[in-house]
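*Asks:* no sequence on hand, only this structure:
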């Protein structure tokens, strides 16, 4: 069977395995740890507005019709098929037998973290596919003494995609290109071509309006903070206070099976005297300092599985022995990851139903404030509200808050929070287990709801950070009292006549 047919076989089997898991977990409607943020980023990208997340997935999802959460599973399944096909081709290129090469591709649909990416609203599945395809192209370049330009031309695009997909993108791009860069003595043109590809990839954010240096890219702020001494927000305070070594041990303990898989893949690549094949796995090491979630390293699974499948162990039994830890990893981790995915999918389904009801009640030009996750099913433009609590990270207003009844955007805001922003706010009769919606009450102020004909400016983001006070068009700015009803205006005229 040709390599192409093997790749298609692996892609088909991976899709079947993934579909079975999505059915068991009731996750066909999407899941993931941050579906709200990626949804808002995709909508802002589609409207030409900025957002502080890595831009590749929002750009792709924003170009497609429909709600980003609805698109998540079709996109995820497509990426799973591509990643499985590329991993199988990569394993065969390295000399893996047929059954292990196909097993490596299907393994992406069985390993818990990469399998969960198929349902996630976010870039991890897309990044896994990019890593697999880029590693395949790099290996095809390595096996040729004089690689053709047709092989080298995709490298800048692939490395640029990897760089734009996640905060760890620059490290992954460098790790994937490292085997080529180390060919400076044996194949100088190849090393030069890889260096040029990296430079061109590094310029890709400039095309999206970002700075020339990574320190100026919006999505790299967390990395800058971590390198400046801050610790990831997921790390408990006692672990952070214990020092970097203790923190690294804690991060290793969160995904010991994945780290073990990568360690074994690197070892067998070195033992086979093909250490260059395991070099991209070095890109996982910064996760011990900057990133702490298993998903941040699981995107390298295609490289590890292909290295294990291609291990030159003696005989069929030896190769199966090397592959066994992979199945152990899947059995040990799958219940926890599956339960988390099921909970995320149920939460997202509830929020989308909640959002559908909100969108039926919301008027054109209404705004959102408070807890961002409450609006994933009805992504309204964001604003800040005077006196509002829980406006998200860093959304508090400086100084004494103004009177909300004279704040134009506040009259158009739906605020999600446990407590009302102030005494003039009333609870909206909508049920949700965690979120309560509040609106300014016209009855309490004796006026109709003002600014009814005003809408947010076109540049108003749905993304909650950084916090910004919305601007209305035509202006209905703070300091202007709410408009009175026609009956009240008639009474005022009569009083003046008297």
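*Replies:* Cool, the structure landed. Keep in mind the model is a prediction, meaning the values are calculated, not measured. Residues are numbered from 1 along each chain as shown.

*Asks:* tell me which stretches of this protein form strands.
*Replies:* 367-370, 413-416, 425-427, 437-440, 455-456, 472-473 (DSSP state E).

*Asks:* so how far is residue 451 from the spatially most central residue of the chain?
*Replies:* The residue lying closest to the centre of the chain (C-alpha atoms, centre = their mean) is residue 122, at 3.5 Å. In this view, residue 122 and residue 451 are 35 Å apart by C-beta to C-beta, to the nearest Å. Heads up, the C-betas are built off the backbone N, CA and C, glycines and all.

*Asks:* before we move on, what about residue 421?
*Replies:* Per C-beta to C-beta, residue 421 is found 17 Å from residue 451.

*Asks:* these two: which has the busier surroundings?
*Replies:* More crowded of residue 421 and residue 451, by other C-beta atoms under 10 Å: residue 421, with 24 against 21.

*Asks:* from residue 413, how far out is that one?
*Replies:* For residue 421 relative to residue 413 (C-beta to C-beta), the value is 9 Å.

*Asks:* which residues do the two both contact?
*Replies:* residue 385 (C-beta atoms under 8 Å, 6 or more residues apart in numbering).

*Asks:* buried set for stretch 339-347?
*Replies:* Under the neighbour-count criterion of 16 or more other C-beta atoms under 10 Å, stretch 339-347 has 340-342, 344-345, 347 buried.

*Asks:* for the strands of the chain, give me a markdown table that also has mean pLDDT and mean neighbour count.
*Replies:* Compiled in a markdown table, those are given as follows (pLDDT from 0 to 100; neighbours: other C-beta atoms under 10 Å):
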| stretch | mean pLDDT | mean neighbour count |
| --- | --- | --- |
| strand 367-370 | 92 | 28 |
| strand 413-416 | 92 | 26 |
| strand 425-427 | 87 | 16 |
| strand 437-440 | 89 | 24 |
| strand 455-456 | 90 | 20 |
| strand 472-473 | 86 | 17 |
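
*Asks:* for those strands, give me a markdown table that also has distance to residue 134.
*Replies:* Listed next are these as a markdown table, based on distance: least, C-beta to C-beta, whole Å:
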| stretch | distance to residue 134 |
| --- | --- |
| strand 367-370 | 38 |
| strand 413-416 | 40 |
| strand 425-427 | 51 |
| strand 437-440 | 45 |
| strand 455-456 | 40 |
| strand 472-473 | 45 |
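
*Asks:* of the ones you listed, which is nearest residue 334?
*Replies:* Nearest to residue 334 among those is strand 413-416; the distance by C-beta to C-beta comes to 33.9 Å.

*Asks:* now for that closest one, which elements pack on it?
*Replies:* Here strand 413-416 touches strand 367-370, strand 437-440, going by 3 or more C-beta pairs under 8 Å, 6 or more residues apart in numbering; DSSP states H and E.

*Asks:* ok, which of those comes nearest residue 459?
*Replies:* It is, among these and with distance given as C-beta to C-beta, strand 367-370, at 13.6 Å.

*Asks:* now do that closest one: distance to the chain's middle.
*Replies:* Mean C-alpha position of strand 367-370 versus that of the full chain (C-alpha atoms, centre = their mean, to the nearest Å) differs by 22 Å.

*Asks:* how is the protein divided into domains?
*Replies:* Per the record, the chain has its domains at 3-339, 362-497, by automatic domain parsing.

*Asks:* looking at these, which is buried most?
*Replies:* domain 3-339 (a mean of 20; mean count of other C-beta atoms under 10 Å).

*Asks:* straight-line length of that one, end to end?
*Replies:* 36 Å (C-alpha to C-alpha, to the nearest Å).

*Asks:* related to what we said a few turns ago, mean pLDDT lowest where, among the domains of the chain?
*Replies:* When the domains of the chain are compared on average pLDDT, domain 362-497 comes out lowest at a mean of 73.

*Asks:* so residue 43 sits right up against residue 63, yeah?
*Replies:* No. Applying C-beta atoms under 8 Å as the test, residue 43 and residue 63 come out as separate, 11.9 Å apart.

*Asks:* quick check: phi and psi on the residue nearest to the centre of the chain?
*Replies:* Per-residue torsions, residue 122: phi 160, psi 180 (degrees, to the nearest 10).

*Asks:* give the contact list for it.
*Replies:* Residues near residue 122 by C-beta under 8 Å, 6+ apart: 32-35, 38, 57, 72.

*Asks:* how does it look with 7 Å?
*Replies:* Taking C-beta atoms under 7 Å, 6 or more residues apart in numbering, we find residue 122 in contact with 32, 34, 38, 57.

*Asks:* how far away is the residue nearest to the second one when sequence neighbours are not counted from residue 286?
*Replies:* Counting by C-beta to C-beta, 6 or more residues apart in numbering, residue 34 lies nearest to residue 122, which is 6.3 Å off, once chain neighbours are set aside. Using C-beta to C-beta, we find residue 122 at a distance of 20 Å from residue 286.

*Asks:* again, but for residue 55
*Replies:* Separation of residue 55 from residue 286 (C-beta to C-beta): 21 Å.

*Asks:* many thanks, I have nothing further to ask.
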